[in-house]
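J.: sequence plus the predicted model coming up.
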Amino acid sequence: MNPYNIREALLAKHAQHIVLIHFPIALFLAGVAFDYVAYFTKRSAFAAAAYYNFVVSAISTVPVVATGLLAWQFQLGGQKLKGILLQHLLLGITSSVMICLTWYSHFRSRRASEQVPPFFRLPVELLAVAVIAMTAHLGGYITGVNIPS
(Lines give C-alpha, C1' and ligand atoms only; values in the text may rest on other atoms or scores of the structure.)
Protein backbone atom coordinates (compact mmCIF):
# COMPACT_ATOMS: atom_id res chain seq x y z
CA MET A 1 0.00 0.00 0.00
CA ASN A 2 1.34 3.40 -0.98
CA PRO A 3 0.97 5.89 1.91
CA TYR A 4 0.57 8.79 -0.53
CA ASN A 5 -2.24 7.24 -2.55
CA ILE A 6 -5.41 8.86 -1.21
CA ARG A 7 -7.68 6.35 -2.92
CA GLU A 8 -5.96 3.37 -1.29
CA ALA A 9 -6.02 5.06 2.12
CA LEU A 10 -9.72 5.96 1.97
CA LEU A 11 -10.84 2.61 0.59
CA ALA A 12 -8.84 0.43 2.99
CA LYS A 13 -11.20 -2.01 4.66
CA HIS A 14 -10.43 -0.89 8.21
CA ALA A 15 -8.90 2.59 7.87
CA GLN A 16 -12.02 4.63 8.55
CA HIS A 17 -12.62 3.07 11.97
CA ILE A 18 -9.04 3.67 13.06
CA VAL A 19 -9.21 7.32 11.99
CA LEU A 20 -12.69 8.11 13.32
CA ILE A 21 -12.24 6.55 16.76
CA HIS A 22 -10.04 9.40 17.94
CA PHE A 23 -12.85 11.98 17.77
CA PRO A 24 -15.25 10.58 20.40
CA ILE A 25 -12.36 9.61 22.67
CA ALA A 26 -10.76 13.06 22.63
CA LEU A 27 -14.07 14.90 22.87
CA PHE A 28 -15.28 12.76 25.75
CA LEU A 29 -12.03 13.09 27.70
CA ALA A 30 -12.08 16.86 27.20
CA GLY A 31 -15.74 16.92 28.27
CA VAL A 32 -14.94 15.01 31.45
CA ALA A 33 -12.07 17.40 32.22
CA PHE A 34 -14.33 20.42 31.65
CA ASP A 35 -17.08 18.85 33.77
CA TYR A 36 -14.72 18.30 36.70
CA VAL A 37 -13.38 21.85 36.41
CA ALA A 38 -16.96 23.14 36.28
CA TYR A 39 -17.90 21.12 39.35
CA PHE A 40 -14.99 22.32 41.46
CA THR A 41 -14.91 25.97 40.27
CA LYS A 42 -18.70 26.42 39.83
CA ARG A 43 -18.11 28.18 36.48
CA SER A 44 -20.92 27.75 33.97
CA ALA A 45 -18.64 28.31 30.97
CA PHE A 46 -16.82 25.05 31.74
CA ALA A 47 -20.14 23.25 32.17
CA ALA A 48 -21.26 24.49 28.77
CA ALA A 49 -17.97 23.38 27.20
CA ALA A 50 -18.39 19.94 28.80
CA TYR A 51 -21.95 19.66 27.50
CA TYR A 52 -21.03 20.49 23.91
CA ASN A 53 -18.08 18.11 24.00
CA PHE A 54 -20.45 15.37 25.18
CA VAL A 55 -22.95 16.21 22.42
CA VAL A 56 -20.39 15.90 19.63
CA SER A 57 -18.79 12.87 21.27
CA ALA A 58 -22.12 11.05 21.45
CA ILE A 59 -22.94 11.90 17.83
CA SER A 60 -19.52 10.77 16.63
CA THR A 61 -19.89 7.34 18.24
CA VAL A 62 -22.46 6.40 15.58
CA PRO A 63 -20.03 6.33 12.62
CA VAL A 64 -17.34 4.77 14.82
CA VAL A 65 -19.54 1.82 15.77
CA ALA A 66 -20.74 1.51 12.17
CA THR A 67 -17.22 1.46 10.73
CA GLY A 68 -16.09 -0.99 13.42
CA LEU A 69 -18.88 -3.38 12.47
CA LEU A 70 -18.08 -2.89 8.77
CA ALA A 71 -14.39 -3.60 9.43
CA TRP A 72 -15.40 -6.84 11.14
CA GLN A 73 -17.51 -7.81 8.11
CA PHE A 74 -14.90 -6.81 5.52
CA GLN A 75 -11.76 -8.04 7.26
CA LEU A 76 -13.11 -11.24 8.79
CA GLY A 77 -16.09 -11.97 6.59
CA GLY A 78 -18.42 -11.74 9.58
CA GLN A 79 -17.00 -14.83 11.24
CA LYS A 80 -17.69 -15.44 14.92
CA LEU A 81 -15.54 -13.26 17.15
CA LYS A 82 -13.56 -14.60 20.07
CA GLY A 83 -10.82 -13.47 22.42
CA ILE A 84 -9.52 -9.92 22.15
CA LEU A 85 -11.74 -9.06 19.17
CA LEU A 86 -14.88 -10.02 21.06
CA GLN A 87 -13.73 -8.12 24.16
CA HIS A 88 -12.97 -5.06 22.01
CA LEU A 89 -16.43 -5.21 20.43
CA LEU A 90 -18.23 -5.56 23.77
CA LEU A 91 -16.17 -2.83 25.44
CA GLY A 92 -16.60 -0.58 22.38
CA ILE A 93 -20.38 -0.87 22.52
CA THR A 94 -20.29 -0.35 26.29
CA SER A 95 -18.13 2.75 25.79
CA SER A 96 -20.55 4.16 23.23
CA VAL A 97 -23.52 3.55 25.51
CA MET A 98 -21.73 5.19 28.45
CA ILE A 99 -20.81 8.23 26.32
CA CYS A 100 -24.43 8.58 25.23
CA LEU A 101 -25.73 8.14 28.80
CA THR A 102 -23.33 10.82 30.02
CA TRP A 103 -24.60 13.19 27.35
CA TYR A 104 -28.20 12.30 28.20
CA SER A 105 -27.75 13.02 31.90
CA HIS A 106 -26.41 16.47 31.04
CA PHE A 107 -29.16 17.00 28.45
CA ARG A 108 -31.92 16.13 30.94
CA SER A 109 -30.56 18.43 33.60
CA ARG A 110 -30.29 21.34 31.14
CA ARG A 111 -33.79 20.70 29.83
CA ALA A 112 -35.26 20.54 33.33
CA SER A 113 -33.71 23.92 34.12
CA GLU A 114 -31.42 22.31 36.66
CA GLN A 115 -28.12 23.99 36.03
CA VAL A 116 -26.20 21.28 37.86
CA PRO A 117 -26.45 17.68 36.65
CA PRO A 118 -26.72 14.99 39.34
CA PHE A 119 -23.56 14.22 41.31
CA PHE A 120 -23.51 10.52 40.33
CA ARG A 121 -22.41 11.59 36.85
CA LEU A 122 -18.84 12.21 38.05
CA PRO A 123 -18.04 8.61 39.07
CA VAL A 124 -19.90 7.35 36.00
CA GLU A 125 -17.73 9.59 33.80
CA LEU A 126 -14.58 8.18 35.42
CA LEU A 127 -15.85 4.65 34.88
CA ALA A 128 -16.54 5.52 31.23
CA VAL A 129 -12.98 6.83 30.89
CA ALA A 130 -11.66 3.52 32.25
CA VAL A 131 -13.83 1.49 29.85
CA ILE A 132 -12.74 3.67 26.93
CA ALA A 133 -9.09 3.26 27.91
CA MET A 134 -9.43 -0.53 28.04
CA THR A 135 -11.24 -0.56 24.70
CA ALA A 136 -8.50 1.55 23.12
CA HIS A 137 -5.81 -0.66 24.64
CA LEU A 138 -7.35 -3.79 23.14
CA GLY A 139 -7.80 -1.99 19.82
CA GLY A 140 -4.10 -1.24 19.86
CA TYR A 141 -3.36 -4.94 20.22
CA ILE A 142 -5.67 -5.73 17.33
CA THR A 143 -3.89 -3.26 15.03
CA GLY A 144 -0.46 -4.31 16.25
CA VAL A 145 0.43 -1.00 17.85
CA ASN A 146 0.62 -2.37 21.40
CA ILE A 147 2.53 -5.56 20.62
CA PRO A 148 5.88 -5.60 22.41
CA SER A 149 8.91 -5.61 20.13
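T.: Happy to help now that I have it.
J.: C-alpha from now on. contacts and neighbour counts both.
T.: Will do.
J.: can you map out the helices along this protein?
T.: 6-11, 15-20, 22-41, 44-76, 84-111, 121-143 (DSSP state H).
J.: any chance of the ones you listed in a markdown table, plus mean pLDDT?
T.: Shown next, in a markdown table, are the helices of the chain (pLDDT from 0 to 100):
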| stretch | mean pLDDT |
| --- | --- |
| helix 6-11 | 62 |
| helix 15-20 | 78 |
| helix 22-41 | 95 |
| helix 44-76 | 90 |
| helix 84-111 | 92 |
| helix 121-143 | 90 |
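J.: redo these as TSV? Include mean neighbour count.
T.: Output for these, formatted as TSV (neighbours: other Cα atoms under 10 Å):
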stretch	mean neighbour count
helix 6-11	11
helix 15-20	16
helix 22-41	19
helix 44-76	19
helix 84-111	18
helix 121-143	17
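J.: and residue 21, what's its pLDDT?
T.: Per-residue pLDDT puts residue 21 at 87.
J.: show me the contacts for it.
T.: 61, 64 (Cα atoms under 8 Å, 6 or more residues apart in numbering).
J.: next, find the distance separating the nearest residue to residue 126 once chain neighbours are set aside from residue 69.
T.: Leaving aside its sequence neighbours, residue 126 sits nearest to residue 32 (Cα to Cα, 6 or more residues apart in numbering; 7.9 Å). If you measure residue 32 against residue 69 using Cα to Cα, to the nearest Å, the figure is 27 Å.
J.: do residue 123 as well
T.: 29 Å.
J.: what does residue 53 give?
T.: 24 Å.
J.: check contacts around residue 134.
T.: Per Cα under 8 Å, 6+ apart, neighbours of residue 134: residue 91.
J.: surely residue 54 and residue 101 touch.
T.: No: counting by Cα atoms under 8 Å, residue 54 does not reach residue 101; the two are 9.7 Å apart.
J.: touching, residue 60 and residue 24? I think so.
T.: Yes: Residue 60 lies in contact with residue 24 (Cα under 8 Å); the separation is 5.7 Å.
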